[in-house]
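> could you look at this predicted model? Sequence included:
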Amino acid sequence: MDRTLENFITALRRSGVRISVAETMDALRAVELSGYGDRWVLKDFLSASLAKSMPEKDIFEVCFSRFFSLDYITGEDFLFENENLPSILQGEAPLTQMFISGDVGGLAMAFRGAGERADIRSIQSWTQKGLFMQRLFQELGLEGLNRDIRRLAEVGGQDALNQAKALESMRDNLMERVRTLVERQLELYAARRSYELSEGYIRNARLSALDERDLARIHKIIQRMVKHLKDRYSRRPRAARRGHLDFRKTFRKSITYGGLPFDTHWKSKKIDRPEIVVICDVSRSVSNIVRFFLLILYSLNEVISRIRSFVFCTNLVEVSPLFEMHPLHEALAMLRSGAGIPILLGRTDYGGSFLDFKDQYSDCLTKRATVIILGDARNNYSEPHTEALRFISERCKRLIWLNPETPSLWGSGDSEMKKYLPYCNIARECSTLRHLERVVEYLLRVHKQ
């Protein structure tokens, strides 16, 4: 296979473009027809063969530009106007000889060969930049050049010193070209990997510790997360054609044929869209997690039958109408600022808020409803009113408590978490995007039965 095309396809794959063997063969035939002489014809041929969607075409544009514009060596980079200096040393290193003789072509070939031998395409992270630069220096024979510069300095004399200075300048330019090459190869072959590492960090970082500059990235991650969950759980149920035979339906339908089971029926899973009741603490310690949790839930309205949401601090209020009357991001912004919401942002009172819910909103508790409480259970030493939580637990399908604190802190200080635990079907730490994703996936999975 064409080595240049192979390296380019490797760069595309590492950037997130899915390329099959058949598409690789198509690209190979396209290159045989177009050649590498006309850059724009080559680009059109490869784009038609390898990029299948608009996002992939965007990635292709960036990769093609980076891959086919790696200008390794030019004469101006290495001050070859000094090439007429007399050669004083005998048996100089190959790199020294190319510098003194002004062999631009030989230097370019040596540079490319060093890159191949150093396997620079295998770079995976910015932390490996130093390692691959050292590999390239070693393959180029930089140590031999340094020895010759030291010997020239020891010889002395004006000619020797001038030649040593010229070689030092060329060496510095070479080192800069090596650094540039490694950085470009990192962008070409490891940009996707770096992005995935950064995304992995954000998914597992505590939401309360993230900066405002991370919010745009978080929203993009949530969009992909929601798309994945929709694709997985919003498929319409259809009659199963394999699995466990449904004898009752099969024999009922076979009456027409005199009892012969011509028309077989198979047992299928029933998809029951969940009803969700969310009760969220919106005090400062939990506000970020509440914001992203509601963003995920309300983005999944296609696979969730109904959502009623309540927020509390000193008192409890229903905020479901906000999400019915305004776009999702606008409703979340209003919720965060408290504009138009009759909530008192004083001392957090879990017990009093549970009593408010019991007295005013118990009509939403049914045997199909899953109640989710999101909060740290820190009640400022007020009365916890566990009887109100027991009332809620007995009248719903399940009660799930998501706590942003680690379990080792539950019950410490003013936390009433251990008093509330007996009335929870599930209680989990929930402080990262990864935790939120698992919770929502669990909610959707348990209703797909």
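On my side now, so go ahead. Remember, it's a predicted structure, so these values are computed and weren't measured experimentally. Residues are numbered from 1 along each chain as shown.
> using the three-state scheme, assign Val311.
The three-state label given to Val311 by DSSP: H, G, I helix; E, B strand; the rest coil is strand.
> ok, the one 3 residues further on next?
Taken by three-state DSSP, the conformation at Thr314 corresponds to coil.
> mind checking the backbone torsions on the residue nearest to Arg395 when sequence neighbours are not counted?
Spatially, and ignoring its direct neighbours in sequence, Arg395 is nearest to Leu365 (4.0 Å; CB to CB, 6 or more residues apart in numbering). Glycine gets a C-beta too; all of them are placed from N, C-alpha and C. The phi/psi pair for Leu365 (degrees, to the nearest 10) reads phi -90, psi 110.
> Leu365: neighbouring residues, count only.
When neighbours are defined as other CB atoms under 10 Å, Leu365 has 19 of them.
> surely it and Val277 touch.
Yes. Shown here, Leu365 and Val277 form a contact pair, counting by CB atoms under 8 Å, at 7.3 Å.
> overlap of the contact sets of these two?
Listed as contacting both Leu365 and Val277 by CB atoms under 8 Å, 6 or more residues apart in numbering are 371, 396.
> okay, buried residues for stretch 321-340 please.
322-323, 331-332, 334-335 (16 or more other CB atoms under 10 Å).
> for that stretch, measure first residue to last.
11 Å (CA to CA, to the nearest Å).
> that one: how far from the chain's middle?
Centroid separation for stretch 321-340 versus its chain: 27 Å, with CA atoms, centre = their mean, to the nearest Å.
> who touches that stretch?
By CB under 8 Å, 6+ apart, stretch 321-340 touches 282, 287, 291, 294-295, 298-299, 307, 309, 311, 319, 341, 345.
> need the buried residues of stretch 321-340 in JSON lines (columns: secondary structure).
Listed next are these as JSON lines, based on three-state DSSP:
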{"residue": "Leu322", "secondary structure": "helix"}
{"residue": "Phe323", "secondary structure": "helix"}
{"residue": "Ala331", "secondary structure": "helix"}
{"residue": "Leu332", "secondary structure": "helix"}
{"residue": "Met334", "secondary structure": "helix"}
{"residue": "Leu335", "secondary structure": "helix"}
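> which of those sit farthest apart?
Maximum pairwise distance among the buried residues of stretch 321-340 (CB to CB): 9.8 Å, between Phe323 and Met334.
> do you know how far Asp349 is from Ala160?
As for Asp349, its distance to Ala160 is 85 Å (criterion: CB to CB, to the nearest Å).
> which one's more surrounded, those two?
When Asp349 and Ala160 are compared for neighbours, Asp349 comes out ahead with 22 against 18, by other CB under 10 Å.
> double-check the more buried one against Asn379; I have them as touching.
Yes. Using CB under 8 Å, Asp349 is in contact with Asn379, at 6.7 Å.
> the host helix or strand of Asp159 packs against which elements?
Element membership of Asp159, judged by DSSP states H and E, is helix 158-204. With contacts defined as 3 or more CB pairs under 8 Å, 6 or more residues apart in numbering; DSSP states H and E, the packing partners of helix 158-204 are helix 3-14, helix 54-67, helix 94-101, helix 104-117, helix 129-140, helix 142-155, helix 215-233, helix 433-446.
> if we use 7 Å, what do you get?
With contacts taken as 3 or more CB pairs under 7 Å, 6 or more residues apart in numbering; DSSP states H and E, helix 158-204 sits against helix 3-14, helix 54-67, helix 94-101, helix 129-140, helix 142-155, helix 215-233, helix 433-446.
> contacting residues for the residue lying farthest from the centre of the chain?
In the chain, counting by CA atoms, centre = their mean, Gly157 sits farthest out from the average C-alpha position, at 60.3 Å. Residues counted as contacts of Gly157 (CB atoms under 7 Å, 6 or more residues apart in numbering): none.
> roughly how far apart are it and Asn146?
For Gly157 relative to Asn146 (CB to CB), the value is 20 Å.
> what does Ser122 give?
From Ser122 to Asn146 the distance is 27 Å (CB to CB).
> next: Trp40.
Distance of Trp40 to Asn146, given as CB to CB: 43 Å.
> tell me which stretches of the stretch 251-400 of the chain form helices.
287-299, 320-325, 328-337, 350-361, 386-394 (DSSP state H, counting those that start in this stretch).
> packing partners for the longest one?
By that I understand helix 287-299. Here helix 287-299 touches helix 215-233, strand 275-281, strand 306-312, helix 328-337, strand 369-374, helix 433-446, going by 3+ CB pairs under 7 Å, 6+ apart.
> same question for the shortest one, mean pLDDT?
Read it as strand 369-374. Mean pLDDT, strand 369-374: 92.
> what do you get for the last one?
Rounded to a whole number, the mean pLDDT of helix 433-446 is 81.
> so which bits of it are buried?
For helix 433-446, a neighbour-count test (16+ other CB under 10 Å) marks 433, 435-437, 439-440, 443-444 as buried.
> between helix 215-233 and it, find me the angle.
Angle of helix 433-446 versus helix 215-233, following axes from the mean of the first three to the mean of the last three CA atoms, to 10 degrees, is 20 degrees.
> hey, C-alpha coordinates of helix 433-446 in PDB?
Provided in PDB are the C-alpha atoms of helix 433-446 (Å, rounded to 0.1, in the frame of the first residue of the first chain):
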ATOM      1  CA  LEU A 433     -21.200  13.800  34.700                       C
ATOM      2  CA  ARG A 434     -20.400  10.100  34.700                       C
ATOM      3  CA  HIS A 435     -22.600   9.600  37.800                       C
ATOM      4  CA  LEU A 436     -25.400  11.500  36.100                       C
ATOM      5  CA  GLU A 437     -25.200   9.500  33.000                       C
ATOM      6  CA  ARG A 438     -25.300   6.200  34.900                       C
ATOM      7  CA  VAL A 439     -28.400   7.400  36.900                       C
ATOM      8  CA  VAL A 440     -30.300   8.400  33.900                       C
ATOM      9  CA  GLU A 441     -29.400   5.200  32.000                       C
ATOM     10  CA  TYR A 442     -30.600   3.200  35.000                       C
ATOM     11  CA  LEU A 443     -33.900   5.000  35.000                       C
ATOM     12  CA  LEU A 444     -34.500   4.200  31.300                       C
ATOM     13  CA  ARG A 445     -33.200   0.700  31.600                       C
ATOM     14  CA  VAL A 446     -35.400  -0.500  34.400                       C
END
